[in-house]
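>>> model the structure of this input:
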Amino acid sequence: MDGRQDDLLAWLIANKGKILGTAAGILLGWLTLEYGFFKAVFLLLCLVVGYMVGASADQGGGLSNLVAGFFTSRRR
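Now for the predicted structure:
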């Protein structure tokens, strides 16, 4: 990589929250215009649940471990 690509990569890493937030805002705006507010929120909720199930599966768990995690007490 040359210097410009290194600088761009460093900037992207340093501002990943802003970039993801902007992308999420654009996606929500487009979905709202295309399908309506409540359908867009439902679709995003499904995406979040799917992401959580996938992340749990990546960590060696599954849907049952994810659901069990919601109902177990984390207090001591």
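>>> the longest helix in the protein is where?
Using DSSP state H, we find that the single longest helix of the chain is helix 37-58.
>>> tell me the helices and strands packed up against whatever helix or strand comes next after that helix.
Toward the C-terminus, helix 37-58 is succeeded by helix 63-71 as the next helix or strand (DSSP states H and E). Packing contacts for helix 63-71, counted by 3 or more C-beta pairs under 8 Å, 6 or more residues apart in numbering; DSSP states H and E, involve helix 37-58. Heads up, the C-betas are built off the backbone N, CA and C, glycines and all.
>>> where does this structure have low pLDDT?
Where the chain drops to pLDDT under 70, the residues are 1, 61-63, 66, 73-76.
>>> where does residue 13 fall, secondary structure wise?
Per DSSP H and E, residue 13 falls inside helix 3-14.
>>> elements contacting that helix?
Helix 3-14 packs on no helix or strand, going by 3+ C-beta pairs under 8 Å, 6+ apart.
>>> need the next SSE after that helix, C-terminal direction.
Following helix 3-14 in sequence, per DSSP H and E, is helix 16-35.
>>> quick one: buried residues of that following helix?
Buried residues in helix 16-35, counting neighbours by 16 or more other C-beta atoms under 10 Å, are found at residue 31.
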